[in-house]
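Chemist: here's a sequence, model it:
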Amino acid sequence: MEFSDEQDPYTRDDFKTEIEEAITRLEKANDVAQEAVSFHLARASGLFFSRFGTMDEFMMASEEVKMGYIEELNRREDEYAETDRFASYAFALFKMWVGTVIECDRELMVLFVERLGPFMNRGEKLILELLDEEENEKTH
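Modeler: Have a look, this model is predicted:
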């Protein structure tokens, strides 16, 4: 994944600014929006790790596989844009994280962990609560 080519002078600094603005927007959102995006971030993360196992396994995948995954995230983001803007936003953020992993940009990966970590934790708790509710409904 190249940050720029002759036609598109998009730089790493542009990418960092885009990430920071997207995360800041989430941080400033109301609780309902934060909860919804958190839930979908955790979903996106779960799908990633169930598919690739670890970040290292993803990194060892071919460029074709990595770029194919980015395209898959693009499709999900676009599909959700029509039905669930929070899911679309979460998949856009997650795609940015995947981009930092592909580029092995440790500074940006740390930025994601530090600023999105609380949202990921919140989303994971929501998923666990939903699973508990489903389990309780099945047993009662």
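
Chemist: look up how far Arg106 lies from the spatially most central residue of the chain.
Modeler: In the chain, the centroid-proximal residue (CA atoms, centre = their mean) is Phe94; its distance is 1.4 Å. As judged by CB to CB, to the nearest Å, Phe94 and Arg106 stand 18 Å apart. (Each C-beta comes from the backbone N, C-alpha and C, glycine too.)

Chemist: could you do Trp97 as well?
Modeler: 13 Å.

Chemist: these two: who's more crowded?
Modeler: Trp97 (23 against 9; other CB atoms under 10 Å).

Chemist: wait, that one touches Val113, no?
Modeler: No. Using CB atoms under 8 Å, Trp97 is not in contact with Val113, being 9.0 Å away.

Chemist: continuing past the helix or strand hosting Val65, what's the next helix or strand?
Modeler: For Val65, the element it lies in under DSSP states H and E is helix 63-83. Downstream of helix 63-83, the next assigned helix or strand under DSSP H and E is helix 85-102.

Chemist: quick one, helices of the protein?
Modeler: 12-28, 31-52, 55-60, 63-83, 85-102, 106-139 (DSSP state H).

Chemist: which of those helices sits most buried?
Modeler: By mean neighbour count, with neighbours taken as mean count of other CB atoms under 10 Å, helix 85-102 ranks first of the helices of the chain at a mean of 21.

Chemist: what's that helix in contact with?
Modeler: Identification of contacts with helix 85-102 by CB atoms under 8 Å, 6 or more residues apart in numbering yields 1, 15, 18-19, 22-23, 26, 33, 36-41, 43-45, 48, 55, 58-59, 66, 69-70, 73-74, 76-78, 80-81, 108-109, 112, 116.
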